[in-house]
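Asks: What follows is a protein structure lacking sequence information:
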DNA sequence: AGCATTTCTTAACCAAAGTCAATGATATAC
DNA sequence: GTATATCATTGACTTTGGTTAAGAAATGCT
């Protein structure tokens, strides 16, 4: 399991053997059953995750409605906003499949950063890459129509479409389930 | 001018006097005339900016149309995606007013990080806060209708509405100028 | 397996944004 | 200061998504 995490980190920076060991040894692995809520609205989080297997969905309630913010699947890091800012969470984190993650706490992370400054560099770089990805996702969202967003999702995250219920996909795409149904119908006719 | 930058950094972390001095001394200040293009599609950028005065607009061309991604005004940092990733830029950076910025290059930044590791901490923390803000902006965008986005903009960035031409605002809100016109009309009637 | 619940699709109708085209209003250039 | 560009508004019409309600399909539970 840890190997996947090292593989992920290595994509962004050259890890020394020593650092690799430190990471592997201090990694805590946890499993959660489908349906487990990892974080609720109003709660503080001091945990961040790295998904090895399964899927975590982040969503919020607006006007009583469930709106998906993001799906985190294999090899994706999950760091709740309130992890960084200390502000109570506005959104939920839910395992929508049986999920295996590694877990890290803010305290533990801080200690590690002090012991191994290169690790902080790693995290800064990764943070910046995540930031870039996020910016790009936002831009894409803004530039595309719902239909384009759906066809784009088919291209970029084909597996999500199989794994995730339509109504969650719909809210992820910023539309109602009925509209997603219509879009699918429209596309079939082409 | 540098004071504003120190003020901004201090919001996120306690700066030592020494670090403050280092930052002030190594700051390069530049002025650009309205209309100056700082970065073009396809170019690589190794520069990041911090806006003291004026406004930088980032936009891209999609189907020959000019779509605004973001407006950067006083006290906002601007770091092009390609600054981090080394990938040619997909978007433009344009000064839509006479603009004064501080400038930092990737090379200079790297040197500074090696000399002053705390500075890297500062940047990591700021990066994470920016990431949070960005995530939140994205979520807001997804959760709101165009009309809500416009009224929200009035609340949060009133000055933008005065400074920026309607058609740029429209593309920033993800709609056509005609629709923004209609939204404004609708709101007046209330 | 059989029943209940949840999720997905369809249809009719409404509201809002896109499109196209024309007209006013502002800026900008000369 | 006037001519010219650009930008903003308006109107008629189209397209697409939201809403509501119904029924079909899938899933869960005992």
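Replies: Arrived safely, thanks for sending. None of the values given here were measured: they were computed from a predicted structure.
Asks: biggest helix in chain A, by residue count?
Replies: Counting residues, the longest helix found in chain A (DSSP state H) is helix A:117-143.
Asks: what angle separates it from helix B:117-143?
Replies: Using axes from the mean of the first three to the mean of the last three Cα atoms, to 10 degrees, the inter-axis angle of helix A:117-143 relative to helix B:117-143 is 20 degrees.
Asks: could you point out which element follows helix A:117-143?
Replies: helix A:146-156 (DSSP states H and E).
Asks: Point out where chain A drops to low pLDDT.
Replies: A:1-2, A:82-85, A:190 (pLDDT under 70).
Asks: try 50
Replies: Residue ranges of chain A with pLDDT under 50: none are present.
Asks: Quick check: residues of it near DNA strand C?
Replies: Taking Cβ under 7 Å from any atom of the strand as the contact definition, chain A meets DNA strand C at A:165, A:166, A:167, A:177, A:178, A:180, A:181, A:182, A:184, A:185. For glycine as for every other residue, the C-beta is placed from the backbone atoms N, C-alpha and C.
Asks: circling back: roughly how far is the longest helix of chain A from the heart of the chain?
Replies: Here helix A:117-143 is found 12 Å from its chain centre; the criterion is Cα atoms, centre = their mean, to the nearest Å.
Asks: Same check on stretch A:89-101?
Replies: On Cα atoms, centre = their mean, the centre of stretch A:89-101 falls 9 Å from that of its chain.
Asks: What is the end-to-end distance of that stretch?
Replies: Length of stretch A:89-101, first residue to last, Cα to Cα, to the nearest Å: 20 Å.
Asks: any bit of it sitting next to DNA strand D?
Replies: No. If you take Cβ under 7 Å from any atom of the strand as the test, stretch A:89-101 misses DNA strand D, and the best it gets is 10.4 Å.
Asks: Show me which residues of that stretch are buried.
Replies: Across stretch A:89-101, burial judged by 16 or more other Cβ atoms under 10 Å in any protein chain shown covers A:89, A:90, A:91, A:92, A:93, A:94, A:95, A:96, A:97, A:99, A:100, A:101.
Asks: And for stretch A:36-56?
Replies: So for stretch A:36-56, counting by 16+ other Cβ under 10 Å, buried means A:38, A:39, A:45, A:47, A:48, A:49, A:50, A:51, A:52, A:54, A:55, A:56.
Asks: right, and the pair among the buried residues of stretch A:89-101 with maximum separation?
Replies: A:90 and A:100 (26.3 Å; Cβ to Cβ).
Asks: contacting residues for the nearest residue to residue A:184 once chain neighbours are set aside?
Replies: Distances taken as Cβ to Cβ, 6 or more residues apart in numbering or on different chains put residue A:150 closest to residue A:184, at 7.8 Å, once the chain neighbours are dropped. Contact analysis of residue A:150 by Cβ atoms under 8 Å, 6 or more residues apart in numbering or on different chains lists A:173, A:180, A:183, A:184, A:187.
Asks: still on that earlier bit, angle of the longest helix of chain A against helix A:146-156?
Replies: 140 degrees.
Asks: Say whether chain B is contacted by helix A:117-143.
Replies: Yes. Helix A:117-143 lies within reach of chain B by Cβ under 8 Å from any Cβ of the partner chain, at A:117, A:120-121, A:123-124, A:127-132, A:134-139, A:141-143.
Asks: Since that was my last question, I'll sign off now.
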